[in-house]
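Colleague: Only the shape, not the letters, is given here:
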């Protein structure tokens, strides 16, 4: 090799190395902010169905206040969850973000100093902001005194909308089998009876996305509250009551009965909710178990669908029927943001009545502001009417071990496919519970 | 002078070493470190505070669902190794001959591997659907109504259904590699054998098979590695259900990481899974050396 070639190669390699190192270091460093620019805040979210409405609201906010709000959509929700966690580790969270996951994940974010405590803002002006919002929706974002997570008590998030999960019934199909569509089944017995008539006519009973196992958990805990009451459910979570208790076996037995009575739609155990929604929207099933977001979905799939919302029929008259509900989606303020005030102001603005009416109208979701319920569709108002019956694991103050939840939900799938009896499942869950509790000690 | 030369040589490989270290060595080191910790992926990571030694690995050895998932991945791999590769070989043998429209067949057979796995999963979920699936419809049309079932919700059929689609999607890779292997065999060998009166079977057994051994080994290693890591198809077709009947190691890792927020445990699952795959590959390489010598 000639000397000149050697020098060139050396120079080339050194240049390459320098460029590589510079790019690496620059990309690892914090993003610079240009001075003199319009004040702006960044919001990360995962709600692809609300992106259009958010962008419109951002435009309106900029006109009103001069503050630019940059909404950045990261979907699907799994990818979003990972992005937020990774950003937390690298201190690159935006000014406003949402946390997807269970209450313990939320608690971990708060304890690690990623989430700003909004209590003072909520309580300011005699609680003007707080009082506008549905208390149950706010509760999901709240940590109470002496909570099990060891989080300083306070409100750490703002609900943007509200949701609850109920049963839907197809009025036309009920009428076709001689049932009064204005009087849907209120008890378990009524449900089974109507299902027998539907079955005789070849109509499927209940459809739901039970391939997404949290929905099984949701219905099962509705019935657990109905059969044994809140205190006993929470005592079970705390490990004071066994899952082998007869009341829990009664809960599991409902799923056995649903299977034996042919109430469940074909393939329900691996069905995703989108498929379940298609079946219900196309009049292929008389009942659905779904959240209030379904109103928008059904409207898109079949605008003429004639249906109503109802509480799941009671299996016991000992305790009231309780459904999962509360905050649909919530936003949190980054504690390390340089624009905490701007972020809080924007959240106050977006949860104000006018903006909430707009969001509700555009996205067909229940507003988190209780004064924005005007002009919502009939079915949505039925969902809103059930807000008093809502509960959510996030406000129970105790949380079950993830492995127990998985065994519980997968086990109910096993009952539905005829692999396990309610008693076997109860024993399995209790065994996992004891193992997890032993691990914790 | 010599030291300067050595320095220059190292300078040349420095970018590659840097890239390799940053994108391979460091992540592996990080995963290994995390596998020794109890961490939820959210709280600030503190090795000293989170360190739990080998506890994750001890728990993993006792995790029945994990080993059941491993077994199920093994079942899909077995089907892929046999049926998928047999189909790939048969089609490669057919296309190796000078048949009319050979290139069209090659394109058709190579189509499934280039399709998105999510799309394939969703399309086949629709075909298998118990309510309005095409498969049940066809079965009814041809008078086989007794076979109609919820293919993906039935624990007896779910895993095999996923395995069949995995094979359908994957046979194109094997086909291309087998075809390339077949085309490297000198034609004179076949002609000489034919002159000696060899039948088609004898040609295959005594000429094709021995010369294709390295290709068989390569395809089987790729099949094992690819199939054991099957994930997207499962997620889009069954989500691991019904119950645990279509769970595979990668879905369990995801469940630990996202579902339970147990990053440390998920990392130990990843390390264990990697070790199993490494062991299988090592055995296959040893086997290939033995077969070549034989």
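Modeller: Here it is on my side, so go on. Since we're looking at a predicted model, the values are computed, not measured.
Colleague: For the chain, give me the ranges with low pLDDT.
Modeller: Just going to use chain A. A:1-14, A:16-17, A:19-38, A:327 (pLDDT under 70).
Colleague: Sorry, I should have been clearer: chain B.
Modeller: When residues are selected by pLDDT under 70, those of chain B lie in B:1, B:294.
Colleague: Next to chain A, which bits of it? Give me the list.
Modeller: Within chain B, the positions near chain A by CB under 8 Å from any CB of the partner chain are B:8, B:11-12, B:14-15, B:18, B:22, B:40-45, B:129-132, B:150, B:152-155, B:158, B:237-239, B:241-244, B:255, B:258-262. (Glycine included, C-beta is placed from N, CA and C.)
Colleague: buried subset of those?
Modeller: Applying 16 or more other CB atoms under 10 Å in any protein chain shown to the residues of chain B next to chain A, the neighbour count classes B:40-43, B:45, B:129-131, B:150, B:152-155, B:158, B:237-239, B:241-244, B:255, B:258-262 as buried.
Colleague: Just those residues: which are in helices?
Modeller: B:158, B:237 (DSSP state H).
Colleague: now stretch B:135-143, how far from the centre of its chain.
Modeller: 32 Å (CA atoms, centre = their mean, to the nearest Å).
Colleague: Oops, could you answer that again for stretch A:165-174 instead?
Modeller: In this view, stretch A:165-174 has its centroid 22 Å away from the chain centroid, taken as CA atoms, centre = their mean.
Colleague: measure that stretch end to end?
Modeller: 21 Å (CA to CA, to the nearest Å).
Colleague: what does stretch B:40-53 give?
Modeller: Start-to-end span of stretch B:40-53 (CA to CA) is 16 Å.
Colleague: What are the contacting residues of that stretch?
Modeller: A:85, A:88-89, A:104-105, A:108-109, A:111-112, B:33, B:36-39, B:257, B:261-264 (CB atoms under 8 Å, 6 or more residues apart in numbering or on different chains).
Colleague: again with stretch B:260-271
Modeller: By CB under 8 Å, 6+ apart, the surrounding residues in contact with stretch B:260-271 are A:101-102, A:104-105, A:108, A:402-403, A:406, B:31-32, B:34-42, B:50, B:52, B:56-57, B:59-60, B:66, B:249, B:252-254, B:256-257.
Colleague: Kindly write the ChimeraX command that selects the buried subset of the residues you listed.
Modeller: Buried members of the contacts of stretch B:260-271, identified by 16+ other CB under 10 Å, are gathered into one ChimeraX selection as follows:
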select /A:101,102,104,105,108,402,403,406 /B:31,34,35,36,37,39,40,41,42,50,56,59,60,66,249,252,253,254,256,257
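Colleague: taking the contacts of stretch B:260-271 one by one, which sit in helices?
Modeller: Using DSSP H, those in helices are A:104-105, A:108, A:402-403, A:406, B:31-32, B:34-35, B:50, B:56-57, B:59-60, B:66, B:249, B:252-254.
Colleague: Okay, the residue nearest the centre of chain A and residue B:45: tell me how far apart.
Modeller: By CA atoms, centre = their mean, chain A has its centre lying nearest to residue A:328, at 5.6 Å. Shown here: residue A:328 relative to residue B:45, a distance of 31 Å by CB to CB, to the nearest Å.
Colleague: now residue A:142
Modeller: 27 Å.
Colleague: Identify the residues contacting residue B:2.
Modeller: Applying CB under 8 Å, 6+ apart, no residues contact residue B:2.
Colleague: cool, residue A:428 as well?
Modeller: Counting by CB under 8 Å, 6+ apart, residue A:428 makes contact with A:407, A:411, A:420.
Colleague: what do you get for residue B:124?
Modeller: B:161, B:165, B:237.
Colleague: if you set the cut-off to 10 Å instead, what comes out?
Modeller: Residues near residue B:124 by CB atoms under 10 Å, 6 or more residues apart in numbering or on different chains: B:133-135, B:151-152, B:161-162, B:164-165, B:168-169, B:233, B:236-237.
Colleague: Okay, the nearest residue to residue A:179 once chain neighbours are set aside and chain B: tell me how far apart.
Modeller: Residue nearest to residue A:179 in three dimensions, not counting chain neighbours: residue A:194, with 5.4 Å by CB to CB, 6 or more residues apart in numbering or on different chains. Per CB to the nearest CB, to the nearest Å, residue A:194 is found 20 Å from chain B.
Colleague: what's the helix or strand for residue A:194?
Modeller: For residue A:194, the host element (DSSP states H and E) is helix A:188-200.
Colleague: now the residue most central in space within chain B, what's its secondary structure?
Modeller: The centroid of chain B falls nearest to residue B:226 when counting by CA atoms, centre = their mean (1.5 Å). The three-state label given to residue B:226 by DSSP: H, G, I helix; E, B strand; the rest coil is helix.
Colleague: Assess the claim that it and residue B:166 are in contact.
Modeller: Yes - contact criterion CB atoms under 10 Å: residue B:226 and residue B:166 qualify, at 8.8 Å.
Colleague: residues bridging contact with these two, i.e. touching both?
Modeller: Counting by CB under 10 Å, 6+ apart, the residues touching both residue B:226 and residue B:166 are B:77, B:80, B:84.
Colleague: Buried residues in the helix or strand harbouring residue A:431, which are they?
Modeller: Applying DSSP H and E as the criterion places residue A:431 in helix A:422-440. For helix A:422-440, a neighbour-count test (16+ other CB under 10 Å) marks A:422, A:425, A:426, A:427, A:428, A:429, A:430, A:432, A:433, A:436 as buried.
Colleague: just curious, which of those is nearest to residue A:366?
Modeller: Within these, distances to residue A:366 taken as CB to CB reach their minimum at residue A:429, with 33.0 Å.
Colleague: roughly how far apart are the closest residue to chain A within the stretch 151-294 of chain B and residue B:232?
Modeller: Using CB to the nearest CB, residue B:260 is the residue of the stretch 151-294 of chain B that sits closest to chain A, at 3.6 Å. Residue B:260 sits at a distance of 21 Å from residue B:232 (criterion: CB to CB).
Colleague: Which residue ranges of chain A form strands?
Modeller: All strands of chain A, identified by DSSP state E, fall at A:40-45, A:68-73, A:96-97, A:142-143, A:154-155, A:158-170, A:204-207, A:285-291, A:307-310, A:323-333, A:366-367, A:390-391.
Colleague: Contacts made by the second one with the rest, please.
Modeller: Translated: strand A:68-73. Here strand A:68-73 makes contact (CB under 10 Å, 6+ apart) with A:37-48, A:50-51, A:53-55, A:57-62, A:80, A:83, A:94-97, A:342-343, A:346, A:349-350.
Colleague: what's the spacing between it and its chain's center?
Modeller: Strand A:68-73 sits 22 Å away from the centroid of its parent chain (CA atoms, centre = their mean).
Colleague: So for that strand, what gets flagged as buried?
Modeller: Residues A:69, A:71 are the ones in strand A:68-73 that count as buried (16+ other CB under 10 Å).
Colleague: Strand partners (parallel or antiparallel) of that strand?
Modeller: strand A:40-45 (parallel) (DSSP bridges).
Colleague: and the closest residue to residue B:218 other than its chain neighbours, what helix or strand is that in?
Modeller: The shortest distance from residue B:218 to any residue other than its chain neighbours is 6.5 Å, reached at residue B:177 (CB to CB, 6+ apart). Secondary-structure assignment from DSSP H and E places residue B:177 in helix B:158-183.
Colleague: how near is whichever residue of the stretch 301-441 of chain A sits closest to chain B to residue B:108?
Modeller: Of all residues in the stretch 301-441 of chain A, residue A:402 sits closest to chain B, at 3.6 Å by CB to the nearest CB. Residue A:402 sits at a distance of 45 Å from residue B:108 (criterion: CB to CB).
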